[in-house]
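**Q** following is a predicted model, sequence given first.
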Amino acid sequence: MRTRLLVRGLVLAAAVAAVAASTAAGTPDITRTRVEQALAPTFANLYVQQAAILGIPGITVSGIDASAACDRGGPKVADVGPGTDWICMVSFNDDNHQLQIGKFEVQIRADSTYVAGGPSKIIGLATITDKKTQQDVPNPVFEFDGTLNPDQP
């Protein structure tokens, strides 16, 4: 009986250690691929929205051709899990059809939601002037939220 209790205790301790180790490594549903596949289309849709506010015609998601290349915490950190140390280089064609590449800082929460902010030099300031109303409004691409798609690899 004591041997069974000891074995159960050891098995339980090993299971707890395995869960702790996998949690420390990051959750498997937050991966570099998922971050890249979520960030680029969200950015593209918001860039089209920004162009509409600014009164710039002809800007489409396909024309922007946005892509993202992301890294978490440098070469010594696995590109998985939540954290405030994700950096994504977003490439896209601007409204003048010029390739732009911007460094976006991304904070990813454990629930697979994120907040991203990019360089104002290429995406504009926090507020922009609405062409129709001449009122200052929030710039949709200055800082934005999104979610990772759990159905993507």
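**A** Structure's in. What do you need? Keep in mind the model is a prediction, meaning the values are calculated, not measured.

**Q** avg pLDDT for stretch 48-63?
**A** In this model, stretch 48-63 carries a mean pLDDT of 96.

**Q** what residues sit buried inside it?
**A** Val48, Gln50, Ala51, Ile53, Ile59, Gly63 (16 or more other C-beta atoms under 10 Å). Every residue, glycine included, has its C-beta placed from N, CA and C.

**Q** what's next to it, contact-wise?
**A** 41, 44-45, 47, 64, 93, 95, 97, 123-124, 128-132, 137, 139-141 (C-beta atoms under 8 Å, 6 or more residues apart in numbering).

**Q** please apply the same query to stretch 83-97.
**A** 26, 35-36, 39-40, 43-44, 47, 51, 56, 59, 63-73, 77, 99-108, 114, 116, 118, 122.

**Q** which stretches of the chain form helices?
**A** Using DSSP state H, the helices found in the chain span residues 2-25, 32-54, 61-64, 120-123.

**Q** tell me what the last one is packed against?
**A** In this structure, helix 120-123 makes packing contacts with strand 99-108, judged by 3 or more C-beta pairs under 8 Å, 6 or more residues apart in numbering; DSSP states H and E.

**Q** just checking: what are the partner strands of the strand it packs on?
**A** If you go by DSSP bridges, strand 99-108 pairs up with strand 83-93 (antiparallel), strand 113-117 (antiparallel).

**Q** what angle sits between the last one and helix 32-54?
**A** The one in question is strand 113-117. 60 degrees (axes from the mean of the first three to the mean of the last three C-alpha atoms, to 10 degrees).

**Q** likewise for the first one?
**A** Calculated by the same axes, to 10 degrees, strand 83-93 forms an angle of 60 degrees with helix 32-54.

**Q** low-confidence bits of the chain, can you list those?
**A** 1-28, 153 (pLDDT under 70).

**Q** if we can go back for a sec, of all the buried residues of stretch 48-63, which two lie farthest apart?
**A** Greatest spatial distance in these: Ile53 and Gly63, 17.1 Å, computed using C-beta to C-beta.
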